[in-house]
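Trainee: no FASTA, just this:
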């Protein structure tokens, strides 16, 4: 299977966000993300190293954005800023709470 250039760029920004979160000490490692999201570390590492072959699931993008305040516009399109502002963060937090209550 071949992934589009746009898909590769989205995957690369997803993992760049994880690297930035590690630098900021908001997470310890990629392994921490895989464990908290119930992912296989080996498969996730393969996705990181071969984004042209493996597909990033949209729900992973959603989780990373909701959990760490990453801008969906940045992940999807590369439009800065990387992190969302406080107003958007409040809206996302209420969405996250209402989603958790319905599950």
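Mentor: Yes, it's here. Source: prediction; values computed, not measured.

Trainee: which residue ranges of this protein form helices?
Mentor: Secondary structure of the chain (DSSP state H): helices located at 5-23, 30-36, 41-49, 58-68, 72-77, 86-102.

Trainee: turn these into JSON lines, including mean pLDDT and mean neighbour count.
Mentor: C-beta coordinates here come from the backbone N, C-alpha and C atoms, glycine included. Output for the helices of the chain, formatted as JSON lines (pLDDT from 0 to 100; neighbours: other C-beta atoms under 10 Å):
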{"stretch": "helix 5-23", "mean pLDDT": "97", "mean neighbour count": "16"}
{"stretch": "helix 30-36", "mean pLDDT": "95", "mean neighbour count": "15"}
{"stretch": "helix 41-49", "mean pLDDT": "96", "mean neighbour count": "14"}
{"stretch": "helix 58-68", "mean pLDDT": "94", "mean neighbour count": "16"}
{"stretch": "helix 72-77", "mean pLDDT": "95", "mean neighbour count": "16"}
{"stretch": "helix 86-102", "mean pLDDT": "55", "mean neighbour count": "10"}
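
Trainee: phi and psi next, for the nearest residue in space to residue 12 that is not next to it in sequence.
Mentor: Using C-beta to C-beta, 6 or more residues apart in numbering and skipping residues adjacent in sequence, the residue nearest residue 12 is residue 51, 5.9 Å away. Main-chain torsions, residue 51, degrees, to the nearest 10: phi -70, psi -10.

Trainee: burial count for residue 51?
Mentor: Here the number of neighbours of residue 51 (other C-beta atoms under 10 Å) works out to 19.

Trainee: that one and residue 6 touch, don't they?
Mentor: No - assessed by C-beta atoms under 8 Å, residue 51 is found out of contact with residue 6, at 11.1 Å.

Trainee: rewinding a little: need the pLDDT of the residue nearest to residue 12.
Mentor: On pLDDT, residue 51 comes in at 96.

Trainee: check contacts around it.
Mentor: Going by C-beta atoms under 8 Å, 6 or more residues apart in numbering, residue 51 touches 3, 7-8, 11-12, 15.

Trainee: how far away is it from residue 15?
Mentor: Going from residue 51 to residue 15 by C-beta to C-beta, to the nearest Å gives 8 Å.
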